[in-house]
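**Q** missing the sequence, but the structure's below:
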């Protein structure tokens, strides 16, 4: 059941649903950003929308892990997709009726964030129930490939769809993509033994949550992996803040340059996913730390190019492609390592904590590096990031010996 080249039927349904919903989501986000821009022309409102896409999920993520460990994971996935689909369906209906207001968008965004705090760690916890351990890197690579494909196709298709079809039909498309994803997930039939983990709560709810934190703190390897997640997301956040300013200083139009840089990063994510498929025997903590070092070298490359006053988009596109490859491989490695090292009945809590760490690091990085870039040139900021990452990689490697 679990060993064929395409992994298996259950994973195929899960993966197909993710392709549809992720593509719909990327198209929706582009449309939503333009709608907010046209409706309010307010950076503060845009920032509030971005905050509500993350913050409610971080708060809900504290509790979502225990539900993932104690309840039927298939039903959690389906329910989360239905909730997200209905939220966007309401937005689309209000848009068609000409009654859509910004507060509707903000409420829907918060609700989607909460539903995603159940969906995302549930997918990561569910995969080891659907595939053999030896197939985990391949499964996670295919999962990461969805992000790469949607990052490449989503922005372009989103802009085209808005110009051709208008906001309303783009919103309807995303609602349908979530509902189709939920439908495909209904055809997943995990092995019967997984039902043993869906017992009623036996201990206090807070104690169950603490158990997940104790498990991580008590295992040096787990603590290292979670730390890498936080570090990687923090510096990815620094890169996301820097890219618009970097694009502005290159030859050509700033907006087009930004599109090229984001697209090449998507290409890198896709290439990294393809490379990850072949990394079955290379999943180890030391490889994660090597990727952190390469990540740091990429920051140094941007810093050096800025010091040399390079303005060619080709140079920086090459670096963002490598960034994408490193991000994809790091994501595949940390997910596979956590899946291998975590008991199935604790996977929901561990992946919820991992997602909280990553999702908390991003907005902190947005704020910190937004302030830093006000005071410091890109060359110095990127130099600082590169040195920090290389030093952290060396320090954590020494601790891991």
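**A** Yes, it's here. Bear in mind that the values here come from a model prediction, so they are computed numbers and not experimental data. Numbering: from 1, shown residues only.

**Q** can you give me the helices in the protein?
**A** 9-40, 43-52, 55-70, 73-96, 102-130, 136-165, 167-185, 205-217, 220-248, 254-276, 285-307, 313-341, 347-375, 378-400 (DSSP state H).

**Q** now for the fifth one, which elements pack on it?
**A** What that stands for is helix 102-130. helix 9-40, helix 43-52, helix 55-70, helix 73-96, helix 136-165, helix 313-341, helix 347-375 (3 or more CB pairs under 8 Å, 6 or more residues apart in numbering; DSSP states H and E). Every C-beta, even on glycine, is put in place using the N, C-alpha and C of the backbone.

**Q** Can you list the low-confidence ranges for the chain?
**A** Within the chain, the segments meeting pLDDT under 70 span 1-6, 43, 47, 192-205, 255, 279-282, 401.

**Q** The spatially most central residue of it - nearest residue in space that isn't next to it in sequence?
**A** In the chain, the residue lying closest to the centroid (CA atoms, centre = their mean) is residue 147, at 7.7 Å. Closest residue to residue 147 apart from its sequence neighbours, by CB to CB, 6 or more residues apart in numbering: residue 269 at 5.6 Å.

**Q** OK, contacts around the residue nearest to the centre of the chain?
**A** 22, 269, 273, 328, 331 (CB atoms under 8 Å, 6 or more residues apart in numbering).

**Q** could I get the helices of the chain as a markdown table with distance to residue 191?
**A** Output for the helices of the chain, formatted as a markdown table (distance: least, CB to CB, whole Å):
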| stretch | distance to residue 191 |
| --- | --- |
| helix 9-40 | 9 |
| helix 43-52 | 38 |
| helix 55-70 | 17 |
| helix 73-96 | 12 |
| helix 102-130 | 7 |
| helix 136-165 | 15 |
| helix 167-185 | 16 |
| helix 205-217 | 24 |
| helix 220-248 | 25 |
| helix 254-276 | 25 |
| helix 285-307 | 29 |
| helix 313-341 | 16 |
| helix 347-375 | 15 |
| helix 378-400 | 34 |
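
**Q** could you list every residue that touches residue 286?
**A** 397, 400.

**Q** Number of residues surrounding residue 48?
**A** 18 (other CB atoms under 10 Å).

**Q** quick one: it and residue 103 touch, right?
**A** No. Taking contacts as CB atoms under 8 Å, residue 48 lies outside contact range of residue 103: 10.6 Å.

**Q** circling back to that earlier point, neighbours of the residue nearest to residue 147, how many?
**A** Burial measure for residue 269: 27 neighbouring residues, criterion other CB under 10 Å.

**Q** residues in contact with it?
**A** So residue 269 contacts 144-145, 147-148, 151, 324-325, 327-328 (CB under 8 Å, 6+ apart).

**Q** what do you get for residue 231?
**A** Residue 231 neighbours (CB under 8 Å, 6+ apart): 292, 361, 389, 392.

**Q** Residue 189: which of these is nearest?
**A** Checking the contacts of residue 231 against residue 189 with CB to CB, the nearest one is residue 361 at 36.2 Å.

**Q** So the closest one sits against residue 233, correct?
**A** Yes. With contact defined as CB under 8 Å, residue 361 reaches residue 233; the gap is 3.9 Å.

**Q** So between those two, which is more surrounded?
**A** residue 233 (23 against 19).

**Q** So what's the gap between stretch 39-53 and the chain middle?
**A** Centroid displacement of stretch 39-53 relative to its chain, using CA atoms, centre = their mean, to the nearest Å, is 20 Å.

**Q** Make residue 1 into 54 and carry on from there
**A** In the new numbering, first residue 54, that becomes stretch 92-106.

**Q** Pull the residues that contact that stretch.
**A** With CB under 8 Å, 6+ apart as the test, stretch 92-106 has contacts from 85-86, 89-90, 155, 158-159, 162-163, 165-166, 416.

**Q** Separate out the buried members of those residues.
**A** Neighbour counting with 16 or more other CB atoms under 10 Å marks 85, 89, 158-159, 162-163, 165-166, 416 as buried within the contacts of stretch 92-106.

**Q** Among those residues, which pair sits farthest apart?
**A** 158 and 416, at 18.8 Å, using CB to CB across the buried ones among the contacts of stretch 92-106.
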